[in-house]
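In: please work out how this folds:
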Amino acid sequence: MKKRVTIHDIARKLNTTASTVSRALQNHPRISQEMRRKVQQTAREMNYRPDEMAVNLRKGQRNILGVIVPQVDRHFFARVIRGIEEEAGTQGYHILIGQSYEKVEREVHLTEKMGKGVVEGLLISVSLQTRDYQHIQRLIEQEVPLVFFDRVPEEVHADSVVIDDFEAAFQVTEHLIRSGCRNLAHFAGPNHINIYRERSNGFLAAMNQYRLKINTDWMLDNVLTKETGYRAMKFLWSQRIKPDAIVSSGDYSALGALLWCKEYGVEVPGRMCITGFANEPFTSLITPGMTSVEQHGFEMGKKAASLLLERVQGKYSGQDVRKIVIPSELHIRESSSRMVCKANKKQTKPHQ
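Out: Below you'll find the model as predicted:
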């Protein structure tokens, strides 16, 4: 790999100092016109390119935004990062990405490192383990601009961008009920995380509105992975009374349930309807295709970056916390497209 040309290389060639070269490249009036011409011509001949980040640091401008996500190999977070990067790039900013890997210790480490003057502001989606927010409060005390997205610690006074998880889960549940399902189970996430609490609340609200019995044994906590979804489906099918639908808080646990059904001959959607949440790419590729909720991560990322940059650049310095709600979208696919049987032709009416 060819070594990058520096101002020191140009200085050696012209038998001058690096500081003279630096000033000449900036057209400093203290440098003669002839020297400026020589330096700039030599720089072109040597294919010199200034280090933009170093230039910004010398000016006291880092132009870097930090992004902390649980993991980048989820389609949703990848789309959020792309949205952040696009919005930041249009305003001359770079992004520095850190992954917590769902570990609170890692999240604390990242906030401490990035908060020490490395970045001008932080965009964060908290880990599943995060229950204490002292590391976040320290950032606020240090006046580090913050914006949260998706997983938001509601105890923290900071801007945020989310979807209406309650309404999205309500719509999924209502779709299943209107398709003829009556015995619904729910794969929940950790209740201390806002998005999973709201998704569970949306599920319960729809069940109550349609006056359907809620079986608490079928409200299964911390079922978010393919493996836990597989085991949860095995448990549900071992019950004397079996559910006819699953509302999952995530796509991977729904996939685990679907794989168990395929392995043991439980027809989907004939005997079991399954829905996910996040609209991962595989949901439209598997058979049957999986009904899921699109969270519009790209748009969420752009909005989150825009909020942060307004604070970083001093365009908004208000004390009021701003919250943007991005519309979600229900994608109905084969995994929940059950034909309502004759016995269920008369739809259950919601309780007014």
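
In: and residue 42, what pLDDT?
Out: On pLDDT, residue 42 comes in at 93.

In: so it, which state does it fall into?
Out: helix (DSSP: H, G, I helix; E, B strand; the rest coil).

In: that one contacts residue 15, doesn't it?
Out: No: with contact taken as Cβ atoms under 8 Å, residue 42 and residue 15 are classed as non-touching, separated by 11.2 Å. Every residue, glycine included, has its C-beta placed from N, CA and C.

In: what about these two, which has more around it?
Out: Just comparing residue 42 and residue 15: by other Cβ atoms under 10 Å the higher neighbour count belongs to residue 42, 18 against 6.

In: who touches the more buried one in this structure?
Out: 10, 13-14, 48 (Cβ atoms under 8 Å, 6 or more residues apart in numbering).

In: try 6 Å
Out: 10, 13 (Cβ atoms under 6 Å, 6 or more residues apart in numbering).

In: distance check, it against residue 25.
Out: In this view, residue 42 and residue 25 are 10 Å apart by Cβ to Cβ, to the nearest Å.

In: what about residue 28, neighbour count?
Out: Residue 28: 13 neighbours (other Cβ under 10 Å).

In: on the three-state scheme, it is what?
Out: coil.

In: just the one 3 residues further on next, same as before
Out: Here residue 31 is coil, with the state taken from three-state DSSP.

In: gap between it and residue 127?
Out: The gap separating residue 31 from residue 127 is 52 Å, by Cβ to Cβ.

In: equivalent analysis for residue 110, please.
Out: 10 Å.

In: so which residues of the stretch 1-150 of the chain form strands?
Out: 64-69, 94-99, 121-124, 146-149 (DSSP state E, counting those that start in this stretch).

In: which SSE is immediately downstream of the last one?
Out: The reference is to strand 146-149. On the C-terminal side of strand 146-149, the closest following helix or strand by DSSP states H and E is strand 159-163.

In: ranges for the helices of this structure?
Out: 7-14, 18-25, 33-45, 52-58, 75-90, 104-114, 134-141, 165-178, 194-209, 226-237, 251-263, 297-312 (DSSP state H).

In: which secondary element of the protein has the worst mean pLDDT?
Out: Least confident helix or strand, the chain: helix 52-58 with a mean of 54, by mean pLDDT, DSSP states H and E.

In: distance of the residue nearest to residue 104 when sequence neighbours are not counted from residue 325?
Out: With Cβ to Cβ, 6 or more residues apart in numbering as the criterion, residue 104 has its nearest non-adjacent residue at 4.0 Å, and that residue is residue 129. Distance of residue 129 to residue 325, given as Cβ to Cβ: 26 Å.

In: picking up where we left off before, distance to residue 87, mean neighbour count and mean pLDDT for the strands of the stretch 1-150 of the chain - can I get that in TSV?
Out: Listed next are these as TSV, based on distance: least, Cβ to Cβ, whole Å; neighbours: other Cβ atoms under 10 Å; pLDDT from 0 to 100:
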stretch	distance to residue 87	mean neighbour count	mean pLDDT
strand 64-69	9	24	97
strand 94-99	10	17	96
strand 121-124	10	27	97
strand 146-149	11	26	98
